[in-house]
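quick one, structure for this:
(2 chains)
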Amino acid sequence: MTIRVGEAAEAPSFQKAAFVLLDDTQLRKNVRHATDVITNKRAIVVGEQHDWQQLRSAASAIKEHTLQHLDHYLLQFEAACIAAGGHVHWAADADEANRIIVDLVKQHGGKEVIKVKTMTSDEIGLNKAFEANGVHPHETDLADMIIQLGHDKPSHIVVPALHKNRQQVREIFMQAMGLAELGDKPEDLTNAARHYLREKFLKIKIGVSGANYLLADTGGVCVVESEGNGRMCLTLPDVLITVAGIEKVIPSFRDLEVFLQLLPRSATGERMNPYNSLWTGVHKNDGPQHFHVVLLDNGRTRILADPESRQTLHCIRCGACLNTCPVYRQTGGHAYGSIYAGPIGAILTPQLFDMQHSQSLPYASSLCGACYEVCPVKINIPEVLIHLRGRVVREQQTGATLEAIGMKAMAGIFLSSRRFEAAQRLGQIGQWPFVSQGWVKHLPGMLGNWTAVRDLRPLPKQSFRNWWREREKSSAKKESVHA
Amino acid sequence: MPETTTARETILGRIRATNNTVNTTTRAADYQAIERAYQQSASMARAAILKTFVERLHEYDAHVFETNADEVAATIAEVLRSRNQKSTIVAESFPQEFLPAGFSWRHESSTTTEELNTIEGAISECEVAIAHTGTIVLKGARKLTLLPDRYLCVVYERQVVETVPEGMAALQKYAAEPLTFISGPSATADIEMTRIRGVHGPRFLDVVLVRN
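Prediction:
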């Protein structure tokens, strides 16, 4: 089993990566601007949707129902897709998915493929697998293209290049497209992309896409997009290969009435995004005549097996939790070391890996709950974060680190009122070398990490428990006097 | 037959091991019982629904031309002339009587993809239009309405519904057909979140709304 989430296995801890990124003022400015714009637009179009909460509840219920019967709905999708002329493949992990896709491209004699934005392909590292096998992938989503041509990494699941401003994009395009001149207005830049890619759309005969939804009842696939690059990749090639996580299946065509209202408002703050494409297998004389779907596990069944965090699989990749997160808004996406950044990344990445890597990610949060509030499918991200922190601690406790020993000692003290009071008395006596002018400013050893950024009040001369006992005693005395 | 049987059995086996206590006999009933308390039917009068549809299209930078059944051809002629459009491709199913005289029309069946790429505009009808989101939904005609830079869609008043659920219900009979939902011209906000019209799809969307 090789579970892969981009290059997250080699990434430094969130705290280490964030420390450096916080110094990049240009990046922080770009991220702040972009997240402000989407957050404000989202607030307007969500505010006007009077049945928003009912849509969220229905979406959450549909997803939960689907997960309970996931085997049934996947098999139903498979049968319907095959009946409509499609081919269905199953991949237990990233390597298997890459092997299937690369083999399909080779079978059709392809040296190049055009790709529609797919996070799942980034997750499995498909582009690397293509390059290693002599196939050149062309990303066609504007932001993905900026990332690919600039040899960069995505920093957001919906707007992967939001950390770049127009001047930076201009530089990347001029160099990669060999242009002597190019304006830096967004219009100039999109025009350059239009010309550069149009020729590729017409020439390259194999397309690769992800899927927003797989429809079990019809065997259909739905892709949601804005630019029309998706429509190009989904209709012009002879061969279309779609890679989708197994959690992307929904029971029926009708269910789109819920998700197509939630996704665009949450993702880009639009009432509806410009284009949704739906197709079912192969359509005679219309679109690709060879269609393959690769159903990917890559750690998803493991998330399914954890009742406390399986709600992570409800995610429809809208990115609303990133835009609203006070941590993401400061650090941007690269700090998360994964193609899945922000609050959803903080719970998704470590779970896909079964906590082997990315153990720092559940701590990349203030637990303020903003992510839960905006989530269109009601994933209680703070609840899952706390659950995962528990797992991290339990895994780390198996070792005899100083922290683990200290925490065990603390647990013993908090378990008994006698020990607790004894510890308080000890503290009152032992704290004097660290108190100056009514504050504790520096503590020794590991405790110093705490006081490095905060001052503490010293332990008071009298504890609350002590004060309470005295009060009870004196009132009892008074009562006996009055009686 | 599925092509990679082992992965298929592994994945299904893991799902079943996790969901082993789920009652599968009530699956259909459980699905039916999912609460759908969101708006599913129209709440506005017809005039208000049409007004909303037109407003939403305007917000997407689409142009709307209102006309009646007798004037469709004349309205199309007016739009094409105002755009100075020299070459136009017409969807196979488009009614001949709506094509104004004095223009030359191309048809998809006799046009290659490369030729399609050089044609200035396309014309088709739609299946359903959704006022709440300013969306038109097309069945088929995918290439034709994608490569030319201008797209003109004829929408009949009776096709306009208020809500997305009504739209999906109307589309149910075409659920297995290739469907394209269009809400305004192609756009992106990938650079500094500035909405730019027209990246890869048509940069201009004209809607001819045929009133009853």
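
which residues in chain B form strands?
Secondary structure of chain B, counting by DSSP state E: strands at B:63-68, B:88-90, B:105-107, B:121-125, B:128-130, B:135-139, B:150-156, B:160-161, B:179-182, B:187-188, B:196-197, B:204-211.

excluding residues flanking it in the chain, which one is nearest A:Asp71?
B:Ile15 (4.5 Å; Cβ to Cβ, 6 or more residues apart in numbering or on different chains). Quick note: C-beta positions are derived from backbone N, CA and C, even for glycine.

just checking, the one you found touches A:Tyr73?
No. B:Ile15 is beyond contact range of A:Tyr73, at 10.0 Å (criterion: Cβ atoms under 8 Å).

so who does the residue nearest to A:Asp71 touch?
By Cβ atoms under 8 Å, 6 or more residues apart in numbering or on different chains, B:Ile15 lies in contact with A:Leu70, A:Asp71, A:Leu74, A:Ile246, A:Thr301, A:Leu304.

change it to 6 Å
A:Leu70, A:Asp71, A:Thr301 (Cβ atoms under 6 Å, 6 or more residues apart in numbering or on different chains).

now intersect those residues with the helices, please.
Cross-referencing the contacts of B:Ile15 against helices under DSSP state H gives A:Leu70, A:Asp71, A:Thr301.

scan the residues you listed and report the most crowded one.
A:Leu70 (25 neighbours; other Cβ atoms under 10 Å in any protein chain shown).

now residue 126: closest residue in space, sequence neighbours ignored.
Going with chain A. Closest to A:Leu126 by Cβ to Cβ, 6+ apart is A:Asn98, at 5.8 Å.

my question was about chain B
B:Cys126 sits nearest to B:Ile136 (Cβ to Cβ, 6+ apart), 4.3 Å away.

what does the helix or strand of chain B with the lowest mean pLDDT rub up against?
Every helix and strand of chain B was ranked by mean pLDDT, DSSP states H and E. The lowest is strand B:196-197, at a mean of 85. For strand B:196-197, the surrounding residues in contact (Cβ under 6 Å, 6+ apart) are A:Pro186, A:Glu187, A:Thr190, B:Asp61, B:Pro185, B:Ala187, B:Thr188, B:Arg203.

looking at those, state which has the most neighbours.
Neighbour max across the contacts of strand B:196-197 (other Cβ under 10 Å) = B:Thr188, 28 neighbours.

state the pLDDT value of it.
On the pLDDT scale, B:Thr188 is placed at 88.

likewise for A:Ile206?
pLDDT, read off for A:Ile206, is 98.

run a quick neighbour tally on A:Arg394.
So A:Arg394, with other Cβ under 10 Å, has 10 neighbours.

what about it, is that helix, strand or coil?
helix (DSSP: H, G, I helix; E, B strand; the rest coil).

low-scoring stretches of chain B, by residue?
Along chain B, segments meeting pLDDT under 70 span B:1-5.

can you show me the helices along it?
B:5-18, B:27-32, B:46-59, B:72-83, B:113-116, B:164-171.

okay, these, which one's buried deepest?
Comparing those by mean neighbour count (mean count of other Cβ atoms under 10 Å in any protein chain shown), helix B:164-171 ranks first with a mean of 21.

now that one against strand B:135-139, angle please.
20 degrees (axes from the mean of the first three to the mean of the last three Cα atoms, to 10 degrees).

and for helix B:164-171, what's in contact with it?
Residues contacting helix B:164-171 (Cβ under 6 Å, 6+ apart): A:Arg254, A:Leu256, A:Glu257, A:Gln261, B:Gln40, B:Val128, B:Ile130, B:Val161.

what about the residue in chain A that chain B sits nearest to, neighbour count?
Closest residue of chain A to chain B, Cβ to the nearest Cβ: A:Gly228 (2.6 Å). Around A:Gly228 there are 27 other residues, counting by other Cβ under 10 Å.

okay, it: pLDDT?
95.

quick check: it touching B:Thr188?
No. Applying Cβ atoms under 6 Å, one finds A:Gly228 not in contact with B:Thr188, separated by 9.2 Å.

still on that earlier bit, and which of the contacts of strand B:196-197 is nearest to B:Ile119?
When those are ranked by distance to B:Ile119 (Cβ to Cβ), B:Arg203 comes first, at 14.2 Å.
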